[in-house]
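**Student:** the sequence and its predicted three-dimensional model are supplied below.
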Amino acid sequence: MTLLGILSGIAVLLTITMFISRQSMLGFPCAIFWAITGAHAFTLSTIPWGDIEFFVFIGSTLGMTPFTAYAAFGLREKRDSLAEEEMDARGYGEEDDPFIDEQEEESNLENTERQKTSKRTQALRQRAIVRRTR
């Protein structure tokens, strides 16, 4: 097996693994291996626009390298809740206010949830609350 086949195999396996596992950290190694594969294919190319190595160079360097870099950016972890964003903004374990008004936080959270949810979802939640209290 030639070096071009080994490099392209590693690049393909890394790319597939990145998308299956949804790990954005694999985007940088993917982009590096696609760039190395393209550079090696360019050194093997003898006729511009005339042999397969040149097309591998174009496809991997100009196509797959930016694609995997942008895909890694798109696979970043997004914050799911307001608490995670607040924790990141304040820092973990830092207590700037010794008194926490839990009732106010709950009412603020309920207000933001009501603004985001539809009327049907709110009605379903109300019915569930009534069912639990019976």
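**Tutor:** The structure has been received and is ready for your questions.
**Student:** from residue 122, how far off is residue 129?
**Tutor:** 11 Å (C-beta to C-beta, to the nearest Å). Using the backbone N, CA and C atoms, a C-beta is placed for each residue, glycine as well.
**Student:** element containing residue 18?
**Tutor:** Using DSSP states H and E, residue 18 falls within helix 3-21.
**Student:** please compute how far that helix lies from its chain's middle.
**Tutor:** 18 Å (C-alpha atoms, centre = their mean, to the nearest Å).
**Student:** now the helix or strand immediately after it in the chain and helix 3-21, what's the angle there?
**Tutor:** Using DSSP H and E, the next helix or strand after helix 3-21 towards the C-terminus is helix 27-44. Angle, helix 27-44 to helix 3-21, by axes from the mean of the first three to the mean of the last three C-alpha atoms, to 10 degrees: 160 degrees.
**Student:** same for the helix or strand following helix 27-44, what does it pack against?
**Tutor:** Next along the chain after helix 27-44, taking DSSP H and E as the criterion, comes helix 52-57. If contacts are counted by 3 or more C-beta pairs under 8 Å, 6 or more residues apart in numbering; DSSP states H and E, helix 52-57 sits against helix 3-21, helix 27-44.
**Student:** tell me the most buried of the ones you listed?
**Tutor:** helix 27-44 (a mean of 19; mean count of other C-beta atoms under 10 Å).
**Student:** burial measure for the residue nearest to residue 38 when sequence neighbours are not counted, as a count.
**Tutor:** Among residues not flanking residue 38 along the chain, residue 61 sits closest, at 3.2 Å (C-beta to C-beta, 6 or more residues apart in numbering). With neighbours defined by other C-beta atoms under 10 Å, the count for residue 61 comes to 18.
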